[in-house]
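# I'll drop the sequence and a predicted model, then ask my questions.
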Amino acid sequence: MCGIVGYIGPKNALNVLMHGIKRLEYRGYDSSGIAFFENGSLRCEKAVGKIAMLEEKLSGHVCISHAGIVHTRWATHGTPTFENAHPHFDCHNEIAVVHNGIIENYDYLKLKLQQNGHTFRSQTDTEVLAHLIEEHYRDNLETAVMEALKKVEGTYGLAAISSKDPEKIVAARNGSPLILGIGDHEYFITSDVSASLEHTREVMYLDDNEIAILTPEGYKTKTIQNIPTYKKTEEVLWNIDMIEKGGYKHFMLKEIHEQPQALLNLMRGRVDGNHGPIKLGGLINREKELLEAKRIIIIACGTSWHAGLVGEYMLEELVRLPVEVEYASEFRYRNPIIEKNTIVIAISQSGETADTLAAMRQAKGKGAAMLSICNVVGSSIAREAGSGIYLHIGPEIGVASTKAFTAQIAAFYLFSLYLLLLKNKDYAIPPEMISAIRTIPDKIQTILDREKEIGEIAKIYKDTNHALYLGRGFNYPVALEGALKLKEISYIHAEGYPAAEMKHGPIALIDKNMPVIFIATKDSTYGKILNNIEEVKSRGGKVIAIATEGDRKITEKVDHVFHIPETSGVLIPILSVIPLQLLAYHMAVLRGCDVDKPRNLAKSVTVE
């Protein structure tokens with residue numbers, strides 16, 4: 001969600017900070033602001049809208065500053081205005097704070113501070129932090145921050161600076177990610193590694209209730225109870241090229257086209273021979289729990305939830321284990337039944353999704369064995385689980401997830417085969433099951449090579465206001481995901497349904513202006529899907545079908561058809577979703593939408 005970058009070191013802080021915060025534009029924001037030291041005082045600039053507006057305010061600035069903080073805000077408390085933009089200050093403009101998260105008891109704290117004479121200028125919860133630090137300031141900034149945070153309820157990733165304690169940045173984390181970057185006599189605090197990646201790949205991930213103090217001489221970490229902590233540094237495996245567009249018009253398009261390589265990266269070193277074994281090193285210390293597992297619960301949000309549905313179908317089909325898929329945002333507020341031998345799998349591209357993290361902690365507290373499937377090494381969800389499967393697909397910058405979805409499905413396939421072998425020691429995986437996943441990257445590429453066909457369909461339907469996506473079996477989650485992609489980036493109202501449910505309500509919507517997208521690949525439900533298509537056509541609906549290569553019968557029944565290669569039934573979602581990703585992308589571009597930064601959305605949802 002919101003972005004934070006802090007820097008202290010020999011370089012011009014303004015250049016480093018502005019370049020870093022631009023790396024975080026993809027996360028979603030509506031305003032921005034920067035605070036830095038200038039002639040012994042704090043200077044602040046803010047702007048509503050794009051970062052370019054803030055850059056304009058700083059143009060021509062000649063002062064060299066060696067420390068500062070910058071922020072992009074996604075509005076929670078208070079509308080996007082100059083006053084509500086971060087950084088926020090204390091009464092005397094001597095302390096500046098930037099903050100991601102939500103202070104849940106800010107009303108109570110604000111009232112107490114106002115009674116003590118503090119004057120507030122914004123509607124935000126964050127401003128409470130600046131005044132609370134001021135209230136506790138005695139001799140140094142870090143002590144004031146620690147004392148202030150002991151009174152705070154809620155989530156935060158924050159960075160603070162003060163003209164009374166110059167050449168120091170104090171950062172703290174509780175529930176909202178913060179990363180300490182360690183360079184050559186320079187130090188960074190960021191909410192995402194991409195902001196400091198061109199300066200250093202050596203990082204530390206702050207834990208909850210932990211603070212970091214950065215000075216020109218070095219850094220130290222401690223708990224908010226003032227107990228020193230000692231942490232190992234980790235090397236970020238991504239490089240700067242991975243967070244550049246690489247000649248593509250948008251990150252989303254780049255990431256759609258990266259899917260063949262992404263899946264090869266995911267499989268590298270994990271698939272051995274034609275019969276297995278499947279090597280998942282992140283699960284080695286959980287084999288006993290997996291062997292004894294009687295039930296699996298999958299928790300996730302958004303696109304990851306759709307991947308979880310495919311995972312449910314796979315595990316039940318291949319391993320014959322009962323599986324439930326839950327929205328993490330609902331699971332966390334229920335009193336779920338966690339029985340003995342229950343495995344809970346959390347899915348998240350970023351590894352920082354707030355609802356998923358909270359749901360994990362609830363399940364863990366009830367005794368569940370935890371696993372994770374995520375993409376970001378060292379992320380909160382990965383660390384909370386302790387074991388799991390990393391995707392290793394490189395950064396996903398586009399807000400609308402694409403390569404993470406197909407990689408999550410591939411990870412579930414490998415996990416299913418891994419469980420099969422674990423529970424059946426004498427079992428030999430049929431060679432065709434290994435061949436099916438190994439050939440998927442090349443089959444994706446054949447779809448991507450025909451992108452222009454999807455572009456032509458997009459031209460016809462770019463002005464539609466509604467769309468219906470229908471699928472059965474393994475293609476039902478694909479229908480949900482296709483609809484989500486379209487509404488996320490093109491702002492066209494779209495719904496996904498199981499095809500048989502069309503008659504239970506959605507059929508009332510169908511007319512000549514309602515395109516219906518059927519995922520109609522050859523499987524056990526193919527005949528039923530053809531019947532559903534006839535029902536739409538008889539009511540004047542326009543039908544776009546995603547069909548299996550060689551299927552000519554369906555061509556006679558629909559307005560447009562896009563054929564995809566044949567593959568194993570459990571893997572078909574990896575192929576059938578690709579044309580839907582492309583359709584959403586091209587319709588959004590044709591409608592003039594900001595594909596990589598769709599309105600009101602953020603890449604990593606780190607607050608409720």
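Okay, I see it. Numbers count the residues shown, from 1 in each chain.
# can you tell me the SS state at the closest residue to Ile393 other than its chain neighbours?
Leaving aside its sequence neighbours, Ile393 sits nearest to Ala262 (C-beta to C-beta, 6 or more residues apart in numbering; 3.8 Å). C-beta coordinates here come from the backbone N, C-alpha and C atoms, glycine included. The three-state assignment at Ala262 reads helix, by DSSP: H, G, I helix; E, B strand; the rest coil.
# tell me the contacts of Ala262?
391, 393-394, 403, 406-407 (C-beta atoms under 8 Å, 6 or more residues apart in numbering).
# swap in Phe415?
280, 283, 311, 315, 373, 389.
# equivalent analysis for His66, please.
Contacts for His66 were tallied using C-beta under 8 Å, 6+ apart; they are 8-13, 37, 167, 216.
# keep only those of these that are in helices.
With helices taken from DSSP state H, the overlap with the contacts of His66 comprises Ala13.
# neighbour-wise, give me the winner out of the contacts of His66.
Counting neighbours by other C-beta atoms under 10 Å, Ile8 comes out on top of those with 27 neighbours.
# for that residue, give me its contacts.
Here Ile8 is in contact with 66-67, 167-169, 186-187, 214-216 (criterion: C-beta under 8 Å, 6+ apart).
# with adjacent residues omitted, what lies nearest to it?
Nearest non-adjacent residue to Ile8, counting by C-beta to C-beta, 6+ apart: Ala67, 4.2 Å away.
# which parts of the stretch 201-350 of the chain are helices?
Assigned by DSSP state H, counting those that start in this stretch, the helices in the stretch 201-350 of the chain fall at 251-257, 259-267, 287-292, 302-314, 328-331.
# and the contacts of the shortest one?
Right, the one you point to is helix 328-331. So helix 328-331 is in contact with 297, 299-301, 305, 346, 353, 355-356, 358-360, 362-363, 608, going by C-beta under 8 Å, 6+ apart.
# rerun that using 7 Å as the cut-off
The contact list for helix 328-331, computed with C-beta atoms under 7 Å, 6 or more residues apart in numbering, reads 299-301, 355-356, 359.
# what about the strands in the stretch 501-608 of the chain?
Assigned by DSSP state E, counting those that start in this stretch, the strands in the stretch 501-608 of the chain fall at 515-520, 542-548, 560-564.
# what's the angle from the longest one to strand 560-564?
Orientation of strand 542-548 against strand 560-564 (axes from the mean of the first three to the mean of the last three C-alpha atoms, to 10 degrees) gives an angle of 20 degrees.
# partner strands of strand 542-548, parallel or antiparallel?
Its sheet considered, strand 542-548 pairs with strand 515-520 (parallel), strand 560-564 (parallel) by DSSP bridges.
# relative to the whole chain's centre, how far out is it?
Relative to its parent chain, strand 542-548 has a centroid offset of 30 Å by C-alpha atoms, centre = their mean, to the nearest Å.
# kindly export it (C-alpha atoms) in CSV.
Extracted in CSV, the C-alpha atoms of strand 542-548 (Å, rounded to 0.1, in the frame of the first residue of the first chain):
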residue,chain,number,x,y,z
LYS,A,542,-22.5,-12.2,-27.6
VAL,A,543,-20.2,-15.2,-26.8
ILE,A,544,-16.4,-15.3,-26.6
ALA,A,545,-15.0,-18.8,-26.0
ILE,A,546,-11.7,-20.0,-24.8
ALA,A,547,-11.5,-23.5,-26.3
THR,A,548,-9.2,-26.4,-26.8
